[in-house]
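Trainee: From the sequence below, what's the structure:
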Amino acid sequence: MPVKIINPILDPILNPIVSRLSLYIQLVRLDKPIGILLLLWPTLVALWLASEGRPTWSHLLIFGLGTVLMRSSGCAINDYADRDFDKHVARTAQRPITSGKLSAQEALIIAAALALISFGLIQSLNTLTKLLSIPALFVAASYPYFKRFFAIPQAYLGIAFGFGIPMAFAAVLAHIPWQAWVLLVANVFWAIAYDTEYAMVDREDDLKIGIKTSAITFGKWDVFAVMASYAISLALIAYVGYELGRGWYFFSGIVVASLCALYHYRLIKERERMACFRAFKHNNYLGAAVFIGLICDYLF
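Mentor: Below is the predicted model:
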């Protein structure tokens, strides 16, 4: 009985707040955490390698939260930049800005606020890490516009998604060894693989509106390009592990990741849209396999 009396009073106040909050969550994709995980796995791998398996809790907290914040900020910027394109794509037509439920200005404010909070997180880190945050922010903010003229924007996305790698090494070692740059290149090829799978879902819509994607650029060679990118990425990660003296647990993780890639081939070879989307989402397990293998290698 008390609930029935209170609800008529609170509902007019709480419902608009909850509804607005739900729109903000959709804007920054917190309801779709796959993007966060695709950033998080390579960053965690870099932290573990840089610290020789003993990252500090402060580094884990800073880079974990920073990954969530910067990915969320990037999503808000992306939706702002693509607000006139998304309405022509079935999968994105109901996004908060495109559908008119949120204003473009709100997206910019949210993106800026999240980026500032992220920058505040790294104030306890060394100068080199702070300096690296500047190009990291630039790449993340410029990606939505870069894909309008670059034939393979997924490569640029790989840099944006992988900037946590050199930053992690810089935070731990106060310098960036060559292995960090090799891992960044590996992340670029991984991004080309999984984001081409993602682009294969929207290929027909993207052709109509003139957006450039790797799925369009590769054309009939799209499946081959995806598998070649997986092979190069995993080979580079394995090479770094070998150079840093990692053992068979680590390489077992690489083998499991390779099996994930082969499973993706089964999904994408017919170029069926939803199967390609499943392959994209399954990359979470590929990244996790590499990371778990690395953890086990240091533990055992």
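
Trainee: Ranking helices and strands of this structure by mean pLDDT, which lands last?
Mentor: Least confident helix or strand, the chain: helix 2-27 with a mean of 64, by mean pLDDT, DSSP states H and E.

Trainee: And the helix or strand following that one, what does it pack against?
Mentor: Elements were assigned by DSSP states H and E; along the chain past helix 2-27, the next helix or strand is helix 34-50. Contacts defined by 3 or more Cβ pairs under 8 Å, 6 or more residues apart in numbering; DSSP states H and E place helix 34-50 against helix 57-81, helix 153-162, helix 164-173, helix 178-201, helix 273-299. (Glycine included, C-beta is placed from N, CA and C.)

Trainee: Ok, which of the ones you listed comes nearest Thr43?
Mentor: Nearest of the helices and strands packed on helix 34-50 to Thr43, taken as Cβ to Cβ: helix 164-173 at 3.4 Å.

Trainee: burial count for Asp84?
Mentor: Asp84 has 11 neighbours, counted by other Cβ atoms under 10 Å.

Trainee: Pro144 versus that one, what's the distance?
Mentor: 12 Å (Cβ to Cβ, to the nearest Å).

Trainee: Compute the first-to-last residue distance for stretch 79-97.
Mentor: Start-to-end span of stretch 79-97 (Cα to Cα, to the nearest Å) is 7 Å.

Trainee: buried ones in that stretch?
Mentor: 79-83, 85-87, 89, 92, 95-97 (16 or more other Cβ atoms under 10 Å).

Trainee: Please apply the same query to stretch 225-239.
Mentor: Neighbour counts using 16+ other Cβ under 10 Å place Ala225, Val226, Met227, Ser229, Tyr230, Ile232, Ser233, Leu234, Leu236, Ile237, Ala238 of stretch 225-239 among the buried residues.

Trainee: Relative to Cys260, which of those is nearest.
Mentor: For the buried residues of stretch 225-239, the nearest to Cys260 is Tyr230 (8.7 Å; Cβ to Cβ).

Trainee: For that closest one, which non-adjacent residue is spatially closest?
Mentor: Ala261 (4.0 Å; Cβ to Cβ, 6 or more residues apart in numbering).

Trainee: What helix or strand is Ala235 located in?
Mentor: Here Ala235 sits within helix 222-243, counting by DSSP H and E.

Trainee: What is the three-state secondary structure of the closest residue in space to Leu299 that isn't next to it in sequence?
Mentor: Nearest residue to Leu299, sequence neighbours excluded (Cβ to Cβ, 6+ apart): Gly53, at 7.6 Å. The three-state label given to Gly53 by DSSP: H, G, I helix; E, B strand; the rest coil is coil.

Trainee: how many neighbours does Gly53 have?
Mentor: Residues within reach of Gly53, counting by other Cβ under 10 Å, total 14.

Trainee: Check what pLDDT it gets.
Mentor: Among the per-residue scores, Gly53 holds a pLDDT of 93.

Trainee: Gly120 too?
Mentor: 93.

Trainee: Kindly export the helix or strand hosting it (C-alpha atoms) in CSV.
Mentor: Using DSSP H and E, Gly120 maps to helix 104-121. C-alpha atoms of helix 104-121 as CSV (Å, rounded to 0.1, in the frame of the first residue of the first chain):
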residue,chain,number,x,y,z
ALA,A,104,24.2,17.0,-31.0
GLN,A,105,25.4,19.5,-28.3
GLU,A,106,24.6,17.0,-25.5
ALA,A,107,26.8,14.4,-27.3
LEU,A,108,29.7,16.9,-27.5
ILE,A,109,29.4,17.9,-23.8
ILE,A,110,29.3,14.2,-22.7
ALA,A,111,32.3,13.4,-24.9
ALA,A,112,34.3,16.3,-23.5
ALA,A,113,33.4,15.6,-19.9
LEU,A,114,34.4,11.9,-20.2
ALA,A,115,37.7,12.8,-21.9
LEU,A,116,38.5,15.3,-19.1
ILE,A,117,37.7,12.8,-16.4
SER,A,118,40.0,10.3,-18.2
PHE,A,119,42.8,12.9,-18.4
GLY,A,120,42.3,13.5,-14.6
LEU,A,121,42.9,9.9,-14.0
